[in-house]
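[1] Sequence and computational prediction follow.
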Amino acid sequence: MLTKPRRRPAPSIQEFPAYFRTLSDSARLEILELLASSNDLTVGDLARRLNISQPLCSWHIRRLVKLGIVRMKRVGREARCSLDRARLQQYQRAFKKWLALH
């Protein structure tokens, strides 16, 4: 199963609570940090580096994938994850624009 990068509209204000809730967890921030410093990593690699179980790591990754800032693709039995920098930048720009209006 491949989660393809797709053109998404700019995030709306209604999406900000989910965005900030997702980023409020230190494990998810560490996952983003690890993915930002490499092209892609397997779920197992991420779990080992974070010293958490693979099921817990998968749970965190699903939240990031649902938000759209992490992509996941299957390569055989492995699930490989990568950071969707463009989507993350969309959230950052949308929030900056919202702040400028208020």
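    Thanks, I have the structure now.

[2] So in the protein, which helix runs the longest?
    Identified as the longest helix of the chain according to DSSP state H is helix 85-101.

[3] And that helix, what's buried?
    Neighbour counts over helix 85-101 (16 or more other C-beta atoms under 10 Å) mark Arg87, Leu88, Gln90, Tyr91, Ala94, Phe95 as buried. Using the backbone N, CA and C atoms, a C-beta is placed for each residue, glycine as well.

[4] pretty sure the third one contacts Ser12?
    In this case it means Gln90. No - assessed by C-beta atoms under 8 Å, Gln90 is found out of contact with Ser12, at 10.9 Å.

[5] From Arg21, how far out is Trp98?
    Using C-beta to C-beta, to the nearest Å, Trp98 is found at 17 Å from Arg21.

[6] what's near enough to touch Tyr19?
    Each residue near Tyr19 by C-beta atoms under 8 Å, 6 or more residues apart in numbering is listed here: Pro11, Leu67, Tyr91, Phe95.

[7] should've said Trp98
    Ile13, Phe16.

[8] again, but for Glu30
    Neighbours of Glu30 in contact, by C-beta under 8 Å, 6+ apart: Leu50.

[9] Same check on Cys57?
    Ala27, Ile31, Val43, Leu46, Ala47, Leu50.

[10] Make a markdown table from these and add secondary structure, distance to His60 and neighbour count to it.
    Formatted as a markdown table, the contacts of Cys57 follow (DSSP: H, G, I helix; E, B strand; the rest coil; distance: C-beta to C-beta, whole Å; neighbours: other C-beta atoms under 10 Å):
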| residue | secondary structure | distance to His60 | neighbour count |
| --- | --- | --- | --- |
| Ala27 | helix | 5 | 16 |
| Ile31 | helix | 6 | 26 |
| Val43 | helix | 10 | 19 |
| Leu46 | helix | 9 | 23 |
| Ala47 | helix | 9 | 20 |
| Leu50 | helix | 9 | 16 |
